[in-house]
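Trainee: Dropping a prediction and its sequence here:
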Amino acid sequence: MIRRGEIVLLIMVLLGACKIAEAQAPSEQGFEIVKNLDIFSNVIKELNTNYVDDIKPGELSKTAIDAMLESLDPYTNYITETEIEDYKFITTGEYGGIGALIHQNGEYVVISEPYEGAPAQKSDLRAGDMILEINGQSAKGKTYSDVSAILKGQSGTTITLKIQRPGENAPIEKTINREIIKIDNIPYSGMLDHGIGYIKLTSFTQKAASEVKQALMKLREKSELKGIIIDLRGNGGGLLNEAVDIVNIFVDRGQEVVTTKGKLPDKNHSYKTMNAPVDVNIPVVILVDGQSASASEILSGAMQDLDRGVIVGRRTFGKGLVQNVVPLSFNAQMKVTVAKYYIPSGRCIQAIDYSHKNKEGIFGKIPDSLIAAFKTKDGRTVYEGRGIKPDIHSNKVEYSNISMALYTKYLIFDFATQFRREHPTIPSADKFEITDTIFNAFLAFISDKNYDYRTKSEEALEDLRKDSEKEHYFNAIKSEYDALKKQMDNDKKSDLTKFKSQISDLIKLEIVSRYYYQKGKIIASLDTDKDIAEAINTLVDQNLYKSVLAGTYKAPSGSTDNKTGDDDSTDDDPGNH
């Protein structure tokens, strides 16, 4: 609990802020700032004096700050001293910890996947291990966030975990040395069919551009590259300058890639390519989806605007805002939106208008009437707002109800854990397949498990029953209702067979990750990835590739992607825990 003396200190700080604001902003808006700071400090003081129970001023202040910032945009955040390490991870890709993905399963947290080469893997922590105790304290009831915060810590310190491993009778105790964990910007790069290189880029932390350059150079050493695929699907962005430097790999020095424009003059910048390029001629395809955002959109949007590459996939997220981190008192910080960015054609791809709310208090998308057309370097028409529209649209994978139920209830996860225990080795990630024997073993595994799910048809039928009962029509349609329900139940029983291929793909990726970790999971997915197949086809068919860049490509009839329409704003990928 914070004592009265600490309250006085807090008020002094707030009053000091009032004086600074008064000195710096004598305008009417400045007066409003001073007035409301004074009101806020008085509210805290009076609560501390009069409220029936002892208050926690720090928690109250954070709640007030968070609520205030929430009214602006989701990217302007208050960062307490204890949260700074998490924000450093966003820019550096590094943190102190044991190196493992975790997920919540009931009252306990479970290891999803140790990072290859990290302390968790070196200590033989395995996917499926349930964390019972941490440093002698029970982990029961602790949330994912609670456990994540405890597992992280300064490099060189130790942490002791008591785990329950499936198939083992007694708990196992592990003492693990924390290390600096570096999350690779590029978890995998390699050669595909037809001389096409592939680079999976998952973030834009420090050195992302140099890592892309090195990956490209290595691919060129292996064989004569006919084209390159840069996969930005699921990449939420990172450092702006890294995106600029990656564009620089493929375009000449001196090309403007992005400009930023803010309220203050010092937030207005032009970012140009500064270095000699690596290859200005190699055909490039960039894969994007609804989770490609920020720096991913600068890279893909600039390559599109400069007619330097073809964009394949689904419409991107639409984040055209720039944030800076500013220091506050007592080692706190604030990440604040300071500018909008504009890619070479002059367009801003921000999708949500955070300056206005609708009647329900929800921020809306920028209306079609305000979306303007722009021109690429060679004259193709592109549009601002709502992210980057791909040059070639590909449909996202729609997972069946049965697949999602088996995945979200962790039955595929648990089967992979059992499989790993019973099979010390499997073929390489690119060779392993789910045979009928393995699939039948999975069916036996889930035979006594609950994976019930409701389809939209069932929900509609249930709504019909309720409405017809209210209106006293149900007795007249009861026989038809019962027949439909029975038919739906029969169809659901056949879903395991109907969606065998899709379920097998999910099982395959989960099992492969037990042996070959994240890199193996990517390799195992390449052959069945429809977006990658589309990208390869685009690079191999040079007439198609050139027609896109020339603006003469015509999308297949029936395509849902249009000027401003929302084809896929998000991607529900069951590959992410």
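Mentor: Structure received.
Trainee: How about Val322: what's its closest non-neighbour residue?
Mentor: Of all residues not flanking Val322 in the chain, Ala339 sits nearest, at 4.3 Å (CB to CB, 6 or more residues apart in numbering). Using the backbone N, CA and C atoms, a C-beta is placed for each residue, glycine as well.
Trainee: From Asp452, how far off is that neighbour?
Mentor: Remark: distance between Ala339 and Asp452 (CB to CB, to the nearest Å) = 50 Å.
Trainee: Over to Ser203?
Mentor: 37 Å.
Trainee: So which of the two has more stuff around it?
Mentor: Ser203 (23 against 8; other CB atoms under 10 Å).
Trainee: I'd guessed the more buried one sits against Asn185; true?
Mentor: Yes - contact between Ser203 and Asn185 holds when scored by CB atoms under 8 Å: they sit 5.1 Å apart.
Trainee: Return every residue with contacts to both of those two.
Mentor: Gly93 (CB atoms under 8 Å, 6 or more residues apart in numbering).
Trainee: Please name the bridge partners of Gly96.
Mentor: Ile180 (DSSP bridges).
Trainee: Now for it: which residues touch it?
Mentor: 85, 152-155, 157, 178-181.
Trainee: buried subset of those?
Mentor: Buried subset of the contacts of Gly96 (neighbour count, 16 or more other CB atoms under 10 Å): 85, 152-153, 178-179, 181.
Trainee: Let me have these in a markdown table, adding pLDDT as columns.
Mentor: Shown next, in a markdown table, are those (pLDDT from 0 to 100):
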| residue | pLDDT |
| --- | --- |
| Glu85 | 70 |
| Lys152 | 92 |
| Gly153 | 90 |
| Arg178 | 96 |
| Glu179 | 96 |
| Ile181 | 93 |
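Trainee: List the buried residues of stretch 164-179.
Mentor: 164-165, 174, 176, 178-179.
Trainee: what about that stretch, distance to the chain center?
Mentor: In this view, stretch 164-179 has its centroid 30 Å away from the chain centroid, taken as CA atoms, centre = their mean, to the nearest Å.
Trainee: again with stretch 76-90
Mentor: 18 Å.
Trainee: For that stretch, give me every contacting residue.
Mentor: In contact with stretch 76-90 (CB under 8 Å, 6+ apart) are residues 62, 65-66, 69, 94-96, 152, 183, 205, 238, 323, 325, 330-337.
Trainee: Any of the residues you listed buried? List them.
Mentor: Buried among these by 16+ other CB under 10 Å: 65, 69, 94-96, 152, 183, 205, 238, 323, 332-337.
Trainee: Could you identify the most distant pair in the buried ones among the contacts of Gly96?
Mentor: Glu85 and Glu179 (14.4 Å; CB to CB).
Trainee: give me the number of residues near Ser394?
Mentor: Neighbours of Ser394 (other CB under 10 Å): 20.
Trainee: which residue sits farthest out from the middle of this structure?
Mentor: Ala476 (50.1 Å; CA atoms, centre = their mean).
Trainee: rewinding a little: narrow the buried ones among the contacts of stretch 76-90 to those in helices?
Mentor: Among the buried ones among the contacts of stretch 76-90, the ones falling in helices (DSSP state H) are 65, 69.
Trainee: Of the buried ones among the contacts of stretch 76-90, which is the nearest to Tyr115?
Mentor: For the buried ones among the contacts of stretch 76-90, the nearest to Tyr115 is Ile183 (7.8 Å; CB to CB).
Trainee: tell me the pLDDT at the closest residue to the closest one other than its chain neighbours?
Mentor: Once flanking residues are discounted, Ile183 sits nearest to Gly93: 4.6 Å by CB to CB, 6+ apart. Looking at Gly93, its pLDDT is 83.
Trainee: didn't Gly93 look like it was pressed against Phe204?
Mentor: No - look at Gly93 against Phe204 with CB under 8 Å: they stay out of range, at 9.2 Å.
Trainee: Identify the contacts common to those two.
Mentor: Contacts common to Gly93 and Phe204, judged by CB under 8 Å, 6+ apart, are Asn185.
Trainee: Look at those two and report which has more neighbours.
Mentor: Phe204 (30 against 20).
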